[in-house]
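**Student:** here is my input, please return the structure:
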Amino acid sequence: MTDGHVALAGSERARKHDAQRVDDVNPQARIEVTLTLDGLELAPLDTSKPGISRSELERGFGARDEDIAKVRETLGRYGLEVEGSSALARSVRVSGSAAQMEKAFHAGLGIYRSDRDGEFRGREGSLEIPADLEGIVTGVFGLDQRRVARRGRGVTSASSSVAQVVGLGPSELEERYAFPVSSAAGQTVAIAEFGGAYFSSDLSEFCEQHGLSVPQVTVVNAGEQPPTPAEVQGLPQEQREEVEDISGEVMMDIEIVAGLCQGAEILVFFSTWDEKGWIDLLNAVIEGKSGDTSVLSISWGAAEDSPDWSKAALEEIDQRLQAAAHLGITVCAASGDDGSGDQLEDGRAHVNFPSTSPFVLSVGGTMIEGDQEVVWWEQPGTRKGHGGATGGGVSVIFQRPSWQTVQVQSLNHGSIDGRVVPDIAALAGPPFYDLVILGQRGGNGGTSAATPLWASLITRIAAAGKPTQKPVFMAPLLYADAPQQAQPVGELGCTDIVRGENRSEPEPGQGYQATPGFDAVSGWGVPNGQRLITALP
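**Tutor:** I've put the predicted structure just below:
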């Protein structure tokens with residue numbers, strides 16, 4: 001304890017490995033942070049029951065009103081202003097000058113420069129909070145702006161081995177994966193984005209090319225207001241190119257959902273790519289202020305054991321994913337596009353978070369070779385050199401949930417029997433998806449594309465009335481036996497992928513293998529929507 005402060009558990013952060021501190025933060029700079037608060041521990045997820053209501057969630061998960069009042073009172077003494085609070089999301093947003101933040105949290109803020117991510121506000125070591133808030137505040141996010149949401153540059157037709165080949169369109173994907181005949185009318189699909197912008201002209205052109213109606217798209221500020229296309233064009237060249245690059249990924253998500261979920265409304269949540277951004281975005285989805293949904297597609301993430309994550313962030317994000325699962329929201333999360341190494345080069349196998357959370361449906365990737373669908377792997381098994389491979393493996397942080405009744409051993413000697421990812425898979429590699437990006441028609445893919453495909457399929461299944469009750473978190477259902485059958489739903493409702501692996505070269509130089517039945521590169525396999533809808537309870 002120093003000066004009436006106590007250390008905040010889980011807030012430790014090492015210096016970003018490729019960054020150097022180059023300056024102090026302007027003491028007058030305005031900063032907003034999100035504080036997470038203590039609350040009741042949620043009961044274990046009952047996968048046999050439909051999702052609970054938000055009022056039920058608040059009673060079983062939310063922050064106490066007196067704790068929110070205590071935060072307001074205590075931080076007010078440091079000149080910090082409360083911008084908003086949510087008992088349901090057990091969070092408080094506060095703002096103030098950098099100098100005021102320093103007095104409140106002893107952050108030691110600085111400006112850092114990274115070769116990969118440019119300049120950002122950051123910190124090292126642990127935070128301290130006023131002693132009055134001990135046991136109330138569980139995390140402070142937003143002081144450090146380092147990037148922990150990545151999805152990398154997509155594999156486009158211009159740079160791939162299938163140059164100039166236009167990928168599969170919506171009707172071809174529906175046929176390949178036997179989507180239910182029903183439309184998605186009356187449904188809402190949510191998509192998470194961390195940067196970039198929405199280009200309505202691309203969506204209109206995409207829909208016109210495929211004879212589709214243009215869906216209602218609602219852009220939601222969940223921590224960041226994306227620039228308009230006109231504002232993007234007015235940016236300095238380097239910044240404009242970065243925004244356009246990320247926007248290609250944004251439009252891929254939207255167009256895949258638009259093509260496969262005719263009649264649905266699309267909510268696109270934009271937030272910042274730091275830890276605060278993850279908390280703010282999930283809070284917005286949990287609160288349902290911009291519309292209710294039973295599915296959220298997340299094509300972003302980072303290795304679960306990357307030193308860029310703080311322990312507190314992993315725990316708080318996972319808690320919000322758990323809250324979403326209790327609401328019956330199926331969060332589809334990409335398993336990553338860099339194979340067994342997941343962008344870390346330390347000789348060990350790694351897996352992507354939030355894909356490794358027990359409260360998401362983890363989505364892996366495949367590609368088509370001739371008439372066979374196999375595990376997605378393009379040399380060298382990472383996106384370096386325009387390659388790529390599906391993420392997959394065994395978590396070293398999250399225990400294997402009781403519903404995941406499969407046997408897969410980690411490549412990491414002495415590791416825990418962790419959560420196995422992915423749960424299922426879909427097209428990620430060649431021949432890719434037919435899309436319109438920044439006015440240009442071409443192919444793109446990755447597990448970033450397979451994820452909105454699965455989100456779309458789940459939405460179509462919901463529109464058809466399955467599961468027959470209120471929305472439920474789908475992942476555990478895939479591992480349970482189908483009604484009156486002695487086979488798991490995932491086995492009955494998916495086409496098994498039996499060939500391929502996901503090794504990253506040169507490190508770790510080995511990967512997980514496809515096998516008959518469930519495996520750690522394709523899960524249960526790729527969907528057969530007609531069989532899946534029959535197998536589900």
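**Student:** which residues does P130 bridge with?
**Tutor:** H5 (DSSP bridges).
**Student:** count of neighbours near the closest residue to Q187 other than its chain neighbours?
**Tutor:** Of all residues beyond its chain neighbours, the one nearest Q187 is A264 (4.4 Å), with distances taken as Cβ to Cβ, 6 or more residues apart in numbering. Where you see a C-beta, it was placed from the backbone N, CA and C, and this is true even at glycine. By other Cβ atoms under 10 Å, the residues close to A264 number 25.
**Student:** same question for E83.
**Tutor:** Quick note: E83 (other Cβ under 10 Å) scores 13 neighbours.
**Student:** ok so it is a strand residue?
**Tutor:** Yes. E83 sits within a strand when classified using DSSP: H, G, I helix; E, B strand; the rest coil.
**Student:** wait, it touches S95, no?
**Tutor:** Yes. In this structure E83 lies within contact range of S95 using Cβ atoms under 8 Å: 5.4 Å.
**Student:** which residues are in contact with both of these two?
**Tutor:** Counting by Cβ atoms under 8 Å, 6 or more residues apart in numbering, the shared contacts of E83 and S95 are E32.
**Student:** residues in contact with the residue nearest to Q187?
**Tutor:** A184, A185, G186, Q187, T188, V189, P215, V257, T459, A463.
**Student:** now do 6 Å
**Tutor:** When contacts are counted by Cβ atoms under 6 Å, 6 or more residues apart in numbering, A264 touches A184, Q187, V189, T459.
**Student:** now intersect these with the helices, please.
**Tutor:** T459 (DSSP state H).
**Student:** wait, a helix at Q319?
**Tutor:** Yes. Assessed with three-state DSSP, Q319 lies in a helix.
**Student:** gap between it and L75?
**Tutor:** Distance, Q319 to L75, using Cβ to Cβ, to the nearest Å: 22 Å.
**Student:** do I329 as well
**Tutor:** For I329 relative to L75 (Cβ to Cβ), the value is 31 Å.
**Student:** could you chop the chain up by domain?
**Tutor:** As assigned by automatic domain parsing, the chain contains the domains 5-141, 170-535.
**Student:** among those, show me which one is buried the most.
**Tutor:** Most buried of these by mean neighbour count (mean count of other Cβ atoms under 10 Å) is domain 170-535; its value is a mean of 22.
**Student:** what's the spacing between it and its chain's center?
**Tutor:** 7 Å (Cα atoms, centre = their mean, to the nearest Å).
**Student:** mind checking the pLDDT average for that domain?
**Tutor:** Per-residue pLDDT over domain 170-535 has a mean of 95.
**Student:** how long is it from one end to the other?
**Tutor:** 24 Å (Cα to Cα, to the nearest Å).
**Student:** kindly report the same for stretch 171-191.
**Tutor:** Span of stretch 171-191 from end to end, Cα to Cα: 21 Å.
**Student:** what sits up against that stretch?
**Tutor:** Residues contacting stretch 171-191 (Cβ under 6 Å, 6+ apart): 253, 257, 261-268, 285, 291, 293, 295-297, 455, 459-460, 463-464, 527-530, 533.
**Student:** before we move on, what about stretch 345-360?
**Tutor:** Residues from elsewhere that reach stretch 345-360 (Cβ under 6 Å, 6+ apart): 301, 303-304, 318, 321-322, 325, 331, 333, 335-336, 340, 342, 344, 362, 391, 393, 395, 398, 401, 411-412, 419, 421, 507-508.
**Student:** give me the three-state assignment for V436.
**Tutor:** Put simply, V436 is strand when judged by three-state DSSP.
**Student:** mind checking the SS state of the closest residue in space to it that isn't next to it in sequence?
**Tutor:** Of all residues not flanking V436 in the chain, F206 sits nearest, at 4.3 Å (Cβ to Cβ, 6+ apart). Following three-state DSSP, F206 is assigned to helix.
**Student:** was I right about A98 contacting Q28?
**Tutor:** No. Judged on Cβ atoms under 6 Å, A98 makes no contact with Q28 at a distance of 7.0 Å.
**Student:** hmm, back to that, among the contacts of stretch 345-360, which are located in strands?
**Tutor:** A303, V331, A333, S362, G393, S395, F398, R419, V421 (DSSP state E).
**Student:** contacting residues for A14?
**Tutor:** P307.
**Student:** nope, V22 is what I was after
**Tutor:** With contacts defined as Cβ under 6 Å, 6+ apart, V22 is in contact with I111, R113.
**Student:** surely it is in a strand?
**Tutor:** Yes. Counting by three-state DSSP, V22 is part of a strand.
**Student:** and the gap between it and E119?
**Tutor:** Distance from V22 to E119, by Cβ to Cβ: 7 Å.
**Student:** overlap in contacts, those two.
**Tutor:** Common neighbours of V22 and E119 (Cβ under 6 Å, 6+ apart) are I111, R113.
**Student:** quick one, strands of the stretch 151-300 of the chain?
**Tutor:** 188-193, 217-221, 265-270, 295-298 (DSSP state E, counting those that start in this stretch).
**Student:** same question for the stretch 351-500 of the chain.
**Tutor:** Using DSSP E, counting those that start in this stretch, strands in the stretch 351-500 of the chain cover 352-353, 361-369, 372-375, 377-378, 388-389, 393-399, 418-421, 424-427, 433-437, 440-444, 494-495.
**Student:** between the longest one and strand 330-334, how many degrees?
**Tutor:** Just to be clear, that refers to strand 361-369. Interaxial angle, strand 361-369 versus strand 330-334 (axes from the mean of the first three to the mean of the last three Cα atoms, to 10 degrees): 50 degrees.
**Student:** direction included, what does strand 361-369 pair against?
**Tutor:** strand 330-334 (parallel), strand 372-375 (antiparallel), strand 424-427 (parallel).
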